[in-house]
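> next one to model:
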Amino acid sequence: MARRHTLTYLAGIAVAGLALSACGSSSLTPTATTAASKAATAAASAASAVDPALAAKLPAKVKAAGKIVIGTDATYQPNEYLDSDGKTVIGMDVDLFNAVAAKFGVKTEWVPSAFDAIILGTNSGKYDIGISSFTINAERMTQATMLSYFKAGTQWVTQKGNPKKVDPNNACGLNIAVQKGTVQSDVDIPAKDKACTDAGKPKINILVDGDQGKVTAMVQSGKADAMLVDLPPAISAVETTGTLELLGQQYDSAPYGYVLPKTGSDEFAAAIVSALKSLQADGTYTKILTKWKTDGGAITDFAVNPAVG
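Prediction:
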């Protein structure tokens, strides 16, 4: 799968020790309070006045309910994860889409879900939208309508000092952890494993879990020699654990996309694009990404089913 955008985060952000304003899910330690996050979200919402023209384009179900129900895998710090109360979903994606919803004059309901069940749940009507750091690719666009709002690439992470001497270009015979249903598990690591076996080298032992926090814990414990994950949660894992480090540079940067039902979503998708453009124009988009130290992933070309390759 070709993904060709270039994402430049602040050089050496993890090495420089810039702390992410984030809290932990199952295995990551909180560093921000619920109150602070809620206050920031409220400020973003307050900055986003209701646009009647956009509100008119909401699906009938959403209008009637007065809320947008969102399926999300809340294990992906700092983008979407559970706050210290174990119930409240917070993160960059949460703040940003809450601001989008404010433009429509409706509330949001964030429902934790297994990552690989979100697209199905959106198409079945269980969720109005799926938001969970989905990389946009051709395969996913055959299953859903996708709308770009951010970009990120894949990053290798090891224990500090790289004790197993992991080489991202030659991981044959090593134990590599990835989250189930991600680009890393479905496309990236299988291709690397095939390259190993095609060259007559040992297979990669691929360790898969549906919870990114547990994937991170595998590397911390030494069960996995390294993990592949998107750059924002990679940086977050390094900062919050204190026992991990980034290995090499991120690669294959690609747009993230909101997930809408495959059919009947054109008007709602176009309205979300308009809301994002409005948030960009009034500075809210940049403020939210800056708060979460993810502003290096900002984009300007919000689009429905964008060309990828």
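> need the strands for the stretch 101-250 of the chain, in chain order.
With DSSP state E, counting those that start in this stretch as the criterion, the stretch 101-250 of the chain has strands at 107-112, 129-135, 145-159, 175-179, 205-209, 226-230, 244-260.
> got the buried residues for the first one?
Read it as strand 107-112. Across strand 107-112, burial judged by 16 or more other CB atoms under 10 Å covers 108, 110, 112. Glycine gets a C-beta too; all of them are placed from N, C-alpha and C.
> out of these, which one sits closest to residue 99?
Set against residue 99, the nearest of the buried residues of strand 107-112 by CB to CB is residue 108 (9.9 Å).
> skipping adjacent residues, who's closest to that closest one in space?
Leaving aside its sequence neighbours, residue 108 sits nearest to residue 101 (CB to CB, 6 or more residues apart in numbering; 4.8 Å).
> kindly export the helix or strand containing residue 62 (C-alpha atoms) in CSV.
Per DSSP states H and E, residue 62 falls inside helix 60-65. Presented in CSV, the C-alpha positions along helix 60-65 are these (Å, rounded to 0.1, in the frame of the first residue of the first chain):
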residue,chain,number,x,y,z
ALA,A,60,-32.2,12.8,10.6
LYS,A,61,-31.1,10.3,13.3
VAL,A,62,-28.6,12.7,14.7
LYS,A,63,-31.0,15.6,14.6
ALA,A,64,-33.6,13.6,16.5
ALA,A,65,-31.1,12.4,19.1
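> what about the protein, any weak spots by pLDDT?
By pLDDT under 70, the weakly predicted segments of the chain are 1-48, 309.
> make it 50
By pLDDT under 50, the low-scoring segments of the chain are 1-37, 39-40, 42-47.
> so what are the domain limits for it?
Per automatic domain parsing, the structural domains of the chain span 34-153+255-297, 154-252.
> distance between the ends of the shortest one?
Between the opening and closing residues of domain 154-252 lies a distance of 6 Å (CA to CA, to the nearest Å).
> now do the SS call for residue 69.
Following DSSP: H, G, I helix; E, B strand; the rest coil, residue 69 is assigned to strand.
> ok, it - contacts?
Residue 69 sits next to 109, 111, 126-129 when contact means CB atoms under 8 Å, 6 or more residues apart in numbering.
> for the closest residue to residue 196 other than its chain neighbours, what are its contacts?
In space, and not counting its chain neighbours, residue 196 is closest to residue 172: 3.8 Å by CB to CB, 6+ apart. Contacts for residue 172 (CB under 8 Å, 6+ apart) come out as 196, 199, 201-204.
> what is residue 244 paired to in the beta sheet?
Residues in a beta bridge with residue 244, per DSSP bridges, are residue 159.
> now the domains of the chain as JSON lines including distance to residue 308?
Formatted as JSON lines, the domains of the chain follow (distance: least, CB to CB, whole Å):
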{"stretch": "domain 34-153+255-297", "distance to residue 308": "6"}
{"stretch": "domain 154-252", "distance to residue 308": "11"}
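> out of those domains, which is closest to residue 303?
Residue 303 lies closest, by CB to CB, to one member of those: domain 34-153+255-297, at 5.3 Å.
> please tell me how far the most far-flung residue of the chain relative to its centre sits from residue 115.
The C-alpha centroid of the chain is most remote from residue 200, which lies 35.1 Å away (CA atoms, centre = their mean). For residue 200, the distance to residue 115 equals 34 Å [CB to CB, to the nearest Å].
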